[in-house]
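Student: I would like the atomic coordinates for the input below:
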Amino acid sequence: MPFKIPNIPPTTNKSVRFPNDMIDQIEEAIRGRDCTFSAFVVAAVRAALESLEEEQTPRDGPEE
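Tutor: Prediction:
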């Protein structure tokens, strides 16, 4: 498979305030891993958005 230069999506800097205890938990979760604080937060927000989208998608079958 030939090498392909990866595309990096455009980004915008946003300033977000996190509770200190949440920062501690995130830093603990990524400690020793090849992951940045920003990458963790982006992945977590993507997962939350996907979850919301799934909740809003009508399901097949009878409603309870």
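Student: Determine the three-state secondary structure at Ala39.
Tutor: Following DSSP: H, G, I helix; E, B strand; the rest coil, Ala39 is assigned to helix.
Student: give me the number of residues near it?
Tutor: Residue crowding around Ala39 was assessed by other C-beta atoms under 10 Å; the count is 12. In this view, the C-beta of every residue, glycine as well, is placed from N, C-alpha and C.
Student: Next, find the distance separating Arg33 from Pro19.
Tutor: 22 Å (C-beta to C-beta, to the nearest Å).
Student: Give me the residue at the spatial middle of the chain.
Tutor: Among the residues of the chain, the one closest to the centroid is Ala43, at 1.8 Å (C-alpha atoms, centre = their mean).
Student: Quick check: end-to-end length of stretch 23-41?
Tutor: 10 Å (C-alpha to C-alpha, to the nearest Å).
Student: which sections of the protein are below the confidence cut-off?
Tutor: Under the criterion pLDDT under 70, the flagged ranges of the chain are 60-64.
Student: circling back: quickly find the element holding the residue nearest to the centre of the chain.
Tutor: Here Ala43 is covered by helix 37-56, with elements defined by DSSP states H and E.
Student: just to revisit the earlier point, tell me who's in contact with the residue nearest to the centre of the chain.
Tutor: Taking C-beta atoms under 8 Å, 6 or more residues apart in numbering, we find Ala43 in contact with no residue.
Student: which outside residues touch stretch 5-25?
Tutor: Contacts of stretch 5-25 (C-beta under 8 Å, 6+ apart): Ile26, Val41.
Student: okay, how far is it across it, tip to tip?
Tutor: 34 Å.
Student: distance between that stretch and the chain's centre?
Tutor: Relative to the centre of its chain, stretch 5-25 is centred 9 Å away, using C-alpha atoms, centre = their mean, to the nearest Å.
Student: before we move on, what about stretch 42-52?
Tutor: 5 Å.
Student: Send me that stretch as CSV with only the CA atoms.
Tutor: Extracted C-alpha coordinates of stretch 42-52, given in CSV (Å, rounded to 0.1, in the frame of the first residue of the first chain):
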residue,chain,number,x,y,z
VAL,A,42,-12.5,16.2,20.7
ALA,A,43,-13.0,12.4,20.8
ALA,A,44,-15.3,12.6,23.8
VAL,A,45,-17.4,15.4,22.2
ARG,A,46,-17.6,13.3,19.0
ALA,A,47,-18.9,10.3,21.0
ALA,A,48,-21.4,12.5,22.7
LEU,A,49,-22.7,14.0,19.4
GLU,A,50,-23.0,10.5,17.9
SER,A,51,-24.9,9.4,20.9
LEU,A,52,-27.3,12.3,20.6
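Student: Fine, thanks again, bye for now.
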